[in-house]
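Engineer: Fold the stuff below for me.
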Amino acid sequence: MKKVVTLGEIMLRLSTPGYERFVQSDSFDVTYGGGEANVAVSLANYGFDAYLISKLPTHEIGQSAVNHLRRFGVKTDYIVRGGDRVGIYYLESGASMRPSKVIYDRADSAISEADASEFDFDEIFKDADWFHFSGITPALGDKAIKLTEEALKAAKRHNVTVSVDLNYRKKLWTTEKAKQVMTNLMQYVDVCIGNEEDAELTLGFKPGKTDVTTGELELEAYKSIFKQMIEKFNFKYVVSSLRESYSASDNGWSACIYNGKEFYHSKKYDIRIVDRVGGGDSFASGLIYGLLQGKDFKEALEFGVAASALKHTILGDFNMVSVDEVEKLVKGDGSGRVQR
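Structural biologist: Modelled structure (predicted):
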């Protein structure tokens with residue numbers, strides 16, 4: 001069984017019921033989520049040994065977050081206990097022309113104050129097959145930057161394949177800081193995943209006239225910047241999700257990949273959104289699954305896109321689908337007919 005390790009923060013998610021606005025709701029639905037935790041849950045669901053490196057307080061909310069991960073099969077051996085806060089994010093789900101909104105309350109969370117010395121990274125990575133992180137974790141502060149780089153150094157010492165989801169979050173840091181930090185971390189990365197906004201704001205690469213607000217995609221421009229990224233950082237694969245935002249409720253969804261020789265654009269899905277949070281994480285985890293299973297890189301991409309299309313129909317951060325369900329969609333069964 002493949003061992004996959006992720007590093008990041010699991011947060012308490014407080015979302016308004018249905019499509020209520022913050023100012024009209026008098027209750028929240030409670031669950032947990034976070035980029036790297038979402039990836040770990042998906043990969044555990046696909047049958048891998050999935051671990052999350054993190055830090056959580058010893059109090060009951062911290063324990064509840066740990067329990068939530070265990071419920072979905074994620075191994076919590078590498079979660080250090082301590083600190084005072086579990087990060088929180090508030091979610092208001094949009095509809096039609098009204099966008100979704102996220103408000104963070106994660107300053108001074110336990111993982112943001114964790115010290116790299118609290119983790120035995122050589123022990124963690126000695127038998128690992130894959131390590132995944134995102135741009136969210138180093139955005140949490142200087143200690144988190146150090147923590148991320150120490151984990152990356154250990155992963156490379158143990159010849160572990162490394163993937164990154166660039167995941168720029170403007171509410172956490174500036175583009176200047178993001179470019180400085182993420183450019184340095186790319187030296188450890190084998191598979192770079194992101195979208196057009198992430199590539200521009202974290203690494204300075206913009207794919208031509210692409211504009212997700214109008215649904216305009218210039219694929220040749222993606223191929224051009226993918227070549228530049230591989231030349232600069234020596235990635236094995238560069239991957240981008242392609243979201244065409246017709247509205248908050250309806251999106252076009254596909255992805256493209258480049259391996260230094262061949263550029264490939266996946267099948268496109270027109271999706272009606274139930275919950276889009278975690279959509280990118282479900283895509284990354286599907287791609288990782290496909291590559292670790294030895295699929296051709298095109299097949300791995302198609303698996304990731306299909307997995308993510310399904311995630312958009314599921315409430316919560318986690319993508320609770322099986323390999324069989326994803327593969328059926330890849331093969332063209334997207335009718336949504338009742339299964340009896």
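Engineer: secondary structure element for the closest residue to residue 121 other than its chain neighbours?
Structural biologist: Closest residue to residue 121 apart from its sequence neighbours, by CB to CB, 6 or more residues apart in numbering: residue 154 at 3.4 Å. All C-beta spots, glycine's among them, are computed from the backbone N, C-alpha and C. Secondary structure assigned from DSSP states H and E places residue 154 in helix 142-157.
Engineer: so how far is residue 108 from the most centrally placed residue in the chain?
Structural biologist: Note on the chain: the residue nearest the mean C-alpha position is residue 281, at 2.9 Å, using CA atoms, centre = their mean. Residue 281 is 24 Å from residue 108, where distance means CB to CB, to the nearest Å.
Engineer: so where is the stretch 51-200 of the chain shaky, pLDDT-wise?
Structural biologist: Nowhere does the stretch 51-200 of the chain drop to pLDDT under 70.
Engineer: Just the helices from it, written as ranges.
Structural biologist: 60-71, 121-125, 142-157, 175-185, 196-198 (DSSP state H, counting those that start in this stretch).
Engineer: winner for burial among those?
Structural biologist: Scoring those by mean neighbour count under mean count of other CB atoms under 10 Å gives helix 196-198 as the most buried, with a mean of 21.
Engineer: which residue sits closest to residue 140, ignoring its sequence neighbours?
Structural biologist: Closest to residue 140 by CB to CB, 6+ apart is residue 112, at 4.0 Å.
Engineer: so that neighbour sits right up against residue 11, yeah?
Structural biologist: No - assessed by CB atoms under 8 Å, residue 112 is found out of contact with residue 11, at 11.2 Å.
Engineer: give me every residue that touches residue 18.
Structural biologist: residue 93 (CB atoms under 8 Å, 6 or more residues apart in numbering).
Engineer: Give me the phi and psi for it.
Structural biologist: phi 60, psi -130 (degrees, to the nearest 10).
Engineer: Contact partners for the closest residue to residue 137 other than its chain neighbours?
Structural biologist: Counting by CB to CB, 6+ apart, residue 8 is the residue found nearest to residue 137 once chain neighbours are left out, at 4.8 Å. Residues near residue 8 by CB under 8 Å, 6+ apart: 34-37, 52-54, 111, 133-134, 136-137.
Engineer: Please apply the same query to residue 190.
Structural biologist: 161-163, 235-237.
Engineer: try residue 54
Structural biologist: 7-10, 36-37, 78-80, 110-111, 114 are the contacts of residue 54 under CB under 8 Å, 6+ apart.
Engineer: nearest to residue 267, of these?
Structural biologist: residue 36 (26.8 Å; CB to CB).
Engineer: ok, how many other residues are close to that closest one?
Structural biologist: Number of residues near residue 36 (other CB atoms under 10 Å) recorded here: 26.
Engineer: Go ahead and confirm it touches residue 51.
Structural biologist: No - checked against CB under 8 Å, the pair residue 36 and residue 51 is beyond contact range at 10.4 Å.
Engineer: what do the two both touch?
Structural biologist: residue 6.
Engineer: Let me see the ranges of the strands in this protein.
Structural biologist: For the chain, strands defined by DSSP state E occupy the ranges 3-7, 11-15, 29-33, 49-56, 79-81, 88-92, 101-105, 130-134, 161-165, 191-194, 237-245, 250-258, 263-265, 269-272.
Engineer: So which elements touch the third one?
Structural biologist: Contacting strand 29-33 under the criterion 3 or more CB pairs under 8 Å, 6 or more residues apart in numbering; DSSP states H and E are the following elements: strand 11-15, helix 60-71.
Engineer: next one: the first one
Structural biologist: Contacts of strand 3-7 with other secondary structure elements, assessed using 3+ CB pairs under 8 Å, 6+ apart, are made with helix 35-45, strand 49-56, strand 130-134, helix 142-157.
Engineer: quick one: which of these is nearest residue 203?
Structural biologist: strand 130-134 (13.7 Å).
Engineer: what's that closest one in contact with?
Structural biologist: Under CB under 8 Å, 6+ apart, the answer for strand 130-134 is 2-8, 35-36, 39, 125, 148, 151-152, 155, 160-167, 284-285, 288, 292.
Engineer: Let's see that with 6 Å instead.
Structural biologist: Defining contact as CB atoms under 6 Å, 6 or more residues apart in numbering, one finds that strand 130-134 is touched by 4-7, 35-36, 39, 148, 155, 160-165, 167.
Engineer: now swap in stretch 245-253 and tell me
Structural biologist: Contacts of stretch 245-253 (CB under 6 Å, 6+ apart): 94-99, 212, 243-244, 268-273, 309.
Engineer: What pLDDT does the model give the nearest residue to residue 68 once chain neighbours are set aside?
Structural biologist: Counting by CB to CB, 6+ apart, residue 32 is the residue found nearest to residue 68 once chain neighbours are left out, at 4.5 Å. As predicted, residue 32 sits at a pLDDT of 97.
Engineer: quick one: residue 32 from residue 104, how far?
Structural biologist: Residue 32 is 15 Å from residue 104, by CB to CB.
Engineer: From the neighbour counts alone, determine which of the two ranks first.
Structural biologist: Between residue 32 and residue 104, counted using other CB under 10 Å, residue 32 has the larger neighbour count: 24 against 14.
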